[in-house]
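In: structure of the sequence below:
(chains A and B)
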Amino acid sequence: MLESIWFVIWGVAWAVYFMLDGFDLGLGTLFPFLAKDETDKRILVNAMGPFWDGNEVWLITAGGVTFAAFPRAYAIMFSGLYTPLMLLLFALILRGVAFEFRGKVDSARWRATWDACLVAGSFLPALLLGVAFANIFKGLPLDAAGLFHGNLLTLLNPYGLLGGVLFVLIFAVHGALWLTTRTEGELQARAGRMATSLWWAEAAVAVAFLALTWFSTRLWQHVLARPVLLALPLLAVAGLLLTRVFAARGAWWKAWFASSALILGAVLFGVAGLFPDLLPSSLDPAASVTAFNAASSPLTLKIMLGVVLCFLPVVIGYQLWVYLAFRDTVTAESIERGPSY
Amino acid sequence: MDALTLSRLQFAVATYFHFLFVPLTLGLSMLVALMETQYVRSGDEDYKRMAKFWGKLFLINFAVGVVTGLTLEFQFGTNWSRYSAYVGDIFGSLLAIEATAAFFLESTFIAVWHFGWNKLSKKAHVTAIWLVAIASNLSAFWILVANAWMQHPTGFVLRNGRAELADFFAVITQRFAILEFIHTLGGAYLTAGFFVLGISAWHLVRKQETAFFKKSFRLAAAWTLIFALFEIAQGHMNAEILSTAQPTKLAAMEAHWETGRSVPMHLLAWPDAANERNTVQSLSVPSGLSLLATYSTGGEVKGLKDYPASERPPVLPVFLSFRAMVGLGVLFLALGLWAFLKRHQITEQQRFLRVLPWLIPLPYLANELGWTIAELGRQPWIVYGLMKTSDAASPLAASQVGTSLAAFFLVYALLGAVDFYLLFTFARKGPDAATAAAK
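Out: Numbers count the residues shown, from 1 in each chain, chains lettered A, B, ... in the order given. Predicted coordinates for the structure are as follows:
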């Protein structure tokens, strides 16, 4: 029971991470396409300014939850996916400092350098996380000892790559929608147009991915075995469709929330479809790393459950407060007035 | 080189580099919080400018500290998977608590503080920096509890082929953890103290913003003296606990080979590990080591020869690091005392002011030496007495780790160069640039 509760927490932590950091990774990816001049660029950066760091802690938390609740899964996942994780790490490092550094020296080349880090550091994590999760859905070449029999190329199979593209597109739409809620005028209109046109690509890839999931993974079979779980893929599909409906009406906040529903639904569908596996093995189902054979001791799980139940509601509370406190739109005047990046 | 050695090197690079930024975060957040509190209480605009100027340097430093911290959480899994699987039940939960209870708070409110100057009330804004300061120090607590468990494992049972938690409170309240925590904080606060003293001195020599930097100097002088005194008195306890908790580390720190009673302390020595002796050994204080380690001149102190060579840490670097760290500690006390005594006539101390900026790197060095003693002195164990470092690494190819290590060198060298360049530039620009420019 404890293991199952922790499995849910594990899945929710990842889903919330993708929902929150998703928009700033997406906005970073679209940076060169949405920002026409230096003012636009600063508006984009400041539209993520007060939020991106707090969002990224959800990644640390998702990693921390894996380590604390399922140490064996953490060990196998992080060492097995060594090269993609190192790439992810370097991307996030360069992206993180880009926010702080880009405005510190008054030189076009300086800014261009850090902007490049911001773009690459946003695009790569989206792609890598998509590839990694698609491969986890599909199963990793793990033997009974948890040894990973493969390399980076093993992960770059069609299904994995499609997962990567899907994440990039979902985050891009999510990010463009975020910008529409934070800006006004021409930039808002441009972000809205970007979101609606990218939506078609997002929808096409999402449908292809869901279809391929039937053949490449056992997610659908698992979910169909407990039909109540069908609510999750339905939530994802509804979110996807509503994103389009609201975006067409210019109801930007609603569109962003619909996009969030898509992310939560899709990730939780994947997680629910995995249960009880954390890392299914493509070599031998018996070698799969599950919530039960990878879990920490009951004592640790209980203590950590207490910690999470005490602290996460508080975290969610103050993060919500921050989103409300900094809800004003970002404009050329507001960043001049400062403080800003 | 094999994957194990490369992983150890990578851990060293990642940790040393991360810890170039952490101490200033811990200390300067407190100082900025104190400055802003002073502003809110007195309405004195100088203190607001101080909070903004030092706060700006704090943010530049924080940016690299936070992203390089990400590496540390990842690399237990990437490079030390067998360690993670074996002790994750305890160690992993401490890291997860750090993220949920402290790091969220720190990362969320740093942004609130940065962007909130005109949005929030004065009181709400100063609360934000206090939350950052408290959260970053709390974060250090959980990380150091985790490290202390590697130094002195407690509150666990060996079950199901791994170490499992048996007593959570024993883990988080053990004396080793508390001592390690306050010792690290002391070093961090000293780093921030010398940082503020050094930069203030640079401007005072040039007679720029004299009133502003005199105020900063006075605050930092008192702060530095307090923590220099604290660090020396408290540091003794950290060495003393080793006589029971980690005798091999203590013996390496003192280059002490033969177990015995009434063991002297050699102020001058040069260890020769190959021949299990010291080539030089003089200026000895009779029974000095026994007294410091056991509070009795006749107390027994274990020597390295009591342990097989395969269970001894590398003696020379541990020994030298300890000497250098203690020497620096004494120097910090002398400098802190002088700064404090002369704080009201500090502009008359031109020579002292000229030297101070050059001393900013010294506390950084002392911090890294401390970690060298802690981590290298623990070898060959990753968890003292429980798991050897050589049994802890991930099953990786040397080429994989070699490539990532090269990338760490490259990226970190770049980050370090840029960040120190920016710190240097903005420190020299002075408070007007920090207050005027919104960026």
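In: list the buried residues of stretch A:273-281.
Out: Buried residues in stretch A:273-281, counted by 16 or more other Cβ atoms under 10 Å in any protein chain shown: A:273-281. Any C-beta I mention is one placed from the backbone N, CA and C, and that applies to glycine too.
In: and for that stretch, what are the contacting residues?
Out: If you take Cβ atoms under 8 Å, 6 or more residues apart in numbering or on different chains as the criterion, stretch A:273-281 is touched by A:3-4, A:7, A:10, A:66, A:70, A:73, A:76-77, A:80, A:136-143, A:217-220, A:222-223, A:229, A:287-292, A:294.
In: can you measure across that stretch, start residue to end residue?
Out: Counting by Cα to Cα, to the nearest Å, you get 14 Å between the two ends of stretch A:273-281.
In: what's the nearest residue to the residue of the stretch 151-300 of chain B found nearest chain A if we skip its chain neighbours?
Out: Using Cβ to the nearest Cβ, the closest approach of the stretch 151-300 of chain B to chain A is made by B:Glu164 at 4.2 Å. Excluding the flanking residues, the one nearest B:Glu164 by Cβ to Cβ, 6 or more residues apart in numbering or on different chains is A:Ser297, at 4.2 Å.
In: if we can go back for a sec, the residue of the stretch 151-300 of chain B closest to chain A: what secondary structure?
Out: At B:Glu164, secondary structure determined by DSSP: H, G, I helix; E, B strand; the rest coil is strand.
In: okay, it: pLDDT?
Out: We note a pLDDT of 96 for B:Glu164 in this prediction.
In: contact partners for it?
Out: A:296-297, A:299-300, B:89-90, B:156-158.
In: in helices only, show me the buried residues of stretch A:273-281.
Out: If you go by DSSP state H, the buried residues of stretch A:273-281 have A:273-274 in helices.
In: kindly indicate which of the buried residues of stretch A:273-281 lies nearest A:Glu56.
Out: Closest to A:Glu56 out of these is A:Leu278 (22.2 Å), distances taken as Cβ to Cβ.
In: quick check: the closest residue to that closest one other than its chain neighbours vs A:Leu85, distance?
Out: Using Cβ to Cβ, 6+ apart and skipping the chain neighbours, the partner closest in space to A:Leu278 is A:Ala73 (4.3 Å). From A:Ala73 over to A:Leu85 the distance is 14 Å, taken as Cβ to Cβ, to the nearest Å.
In: settle it for me: which of the two has more neighbours?
Out: Counted by other Cβ atoms under 10 Å in any protein chain shown, A:Ala73 and A:Leu85 do not tie: A:Ala73 has more neighbours, with 26 against 21.
In: tell me which element the more buried one is part of?
Out: Per DSSP states H and E, A:Ala73 falls inside helix A:71-80.
In: likewise for B:Leu333?
Out: helix B:315-341.
In: quick one on the thing from earlier: what is the burial count for the residue nearest to B:Glu164?
Out: Residues contacting A:Ser297 under the criterion other Cβ under 10 Å number 21.
In: can you check B:His344 too?
Out: 11.
In: just confirm it is within a helix.
Out: Yes - with three-state DSSP as the criterion, B:His344 is part of a helix.
In: OK, contacts around it?
Out: B:His344 sits next to B:Arg218 when contact means Cβ under 8 Å, 6+ apart.
In: against chain A, how distant is it?
Out: Distance from B:His344 to chain A, counting by Cβ to the nearest Cβ, to the nearest Å: 34 Å.
In: same check, this time on B:Trp117
Out: On the measure of Cβ to the nearest Cβ, B:Trp117 and chain A end up 5 Å apart.
In: which of the helices or strands spans the closest residue in space to that residue that isn't next to it in sequence?
Out: Among residues not flanking B:Trp117 along the chain, A:Pro339 sits closest, at 5.0 Å (Cβ to Cβ, 6+ apart). Under the criterion DSSP H and E, no helix or strand holds A:Pro339.
In: list the buried residues in the helix holding B:Leu333.
Out: Under 16+ other Cβ under 10 Å, the buried positions of helix B:315-341 are B:315, B:318-323, B:325-326, B:328-329, B:332-333, B:335-336, B:338-340.
In: give me every residue that touches the residue nearest to A:Leu240 when sequence neighbours are not counted.
Out: By the measure of Cβ to Cβ, 6+ apart, the closest residue to A:Leu240 outside its immediate chain neighbours is A:Leu262, 4.9 Å from it. Shown in contact with A:Leu262 (Cβ under 8 Å, 6+ apart): A:170, A:235-236, A:239-240, A:243.
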